[in-house]
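>>> when you get a sec, could you give me coordinates for this:
(2 chains)
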Amino acid sequence: MKIATWNINGIKARIDNVLQWLGDTSPDIACLQEIKSIDENFPRMEIEALGYHVETHGQKGFNGVAILSKLRFDEVNRRLPGDDDDEQARFIEGVFSVRDEHDRPKALRVVSLYLPNGNPVDTDKFPYKLGWMGRLERWAEDRLAFEEPLVLAGDYNVIPQPEDAKNIDVWVGDALYMPESRQSLRRLEGLGFTDALRAGDDAAGIYTFWDYQAGAWQKNNGIRIDHLMLSPEAADHLRLTSVEKRVRAWEKPSDHVPVIAELALEAA
DNA sequence: ATGCCTGCGGTTCGCAGA
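Numbers count the residues shown, from 1 in each chain, chains lettered A, B, ... in the order given. Below you'll find the model as predicted:
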């Protein structure tokens, strides 16, 4: 089963790319971020025509997340708990019935998350980011008690290590690389989550985002900020993680590319 | 040094992104 995450930077501007990629790659579950659309305007019919169920948590103008799935949703939960005043649409969880390699039934949980950018760090945006990460840690810790396969997929807006950027020097002091941001991500790993890409590849220079500006793509001036974090039960079934770099070279691309984790689980 | 580019809202410029 292929589970993907992709920040598409606007569904209206990206629908052709999304349909092309779904057709080419055929992920079983695709977590999208930055749909920049209200739920009513999301082009669900075109995506359903490719055999996907669609669940969104959108808002007007910016943010917004979605999960596309060939499997039926058993359950959907919107909003990250912990702050009832937080109106930003950055979190959606789907639950699916799957079976493992021994035909045992399992409940697979998949989250599509869009973690706040946090810049500039001297504004309330940075504490909002850290607060959001703290809520994610607490939520994830609760979910781990279920001892189920759980995938936290999304745009984390965190550069984990120096080797996850072409030029790490320019990110020092940036919210994406601040010690507090990185420490929170590391605490998530401390709880038992595995960075799917790093489980299989410790090479430097694997990126998921290239800025539109200053020829970043042409210079391969990228960063790795889109991650699939796996619970122990999900990590046990990890086969392969890949980055769909070719998509960045397409016509009218997002500034992010899809990342895919292949798990040894099948639809029930 | 700051902007470089892109998407969106709602009109043609401001904000957000990373």
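>>> what sits against A:Tyr212?
A:Tyr212 makes contact with A:Asp255, according to CB atoms under 8 Å, 6 or more residues apart in numbering. (Glycine included, C-beta is placed from N, CA and C.)
>>> and it, backbone torsions?
Main-chain dihedrals, A:Tyr212, degrees, to the nearest 10: phi -70, psi -20.
>>> ditto for A:Leu188
Taking degrees, to the nearest 10 as the convention, A:Leu188 sits at phi -60, psi -40.
>>> tell me the contacts of it?
A:Leu136, A:Glu137, A:Ala140, A:Leu152, A:Met229.
>>> how far away is the residue nearest to A:Ile38 when sequence neighbours are not counted from A:Lys36?
Excluding the flanking residues, the one nearest A:Ile38 by CB to CB, 6 or more residues apart in numbering is A:Gly58, at 4.9 Å. Between A:Gly58 and A:Lys36 the distance is 8 Å, computed by CB to CB, to the nearest Å.
>>> what of A:Ile168?
29 Å.
>>> between these two, who's got more neighbours?
Set A:Ile168 next to A:Lys36 and count neighbours by other CB atoms under 10 Å: A:Lys36 wins out with 20 against 14.
>>> and the closest residue to that one other than its chain neighbours, how many neighbours does it have?
Distance criterion CB to CB, 6+ apart; nearest residue to A:Lys36, sequence neighbours excluded, is A:Gly10 at 4.3 Å. Neighbour count for A:Gly10, taken as other CB under 10 Å: 16.
>>> touching, A:Gly10 and A:Asn41? I think so.
No - assessed by CB atoms under 8 Å, A:Gly10 is found out of contact with A:Asn41, at 11.2 Å.
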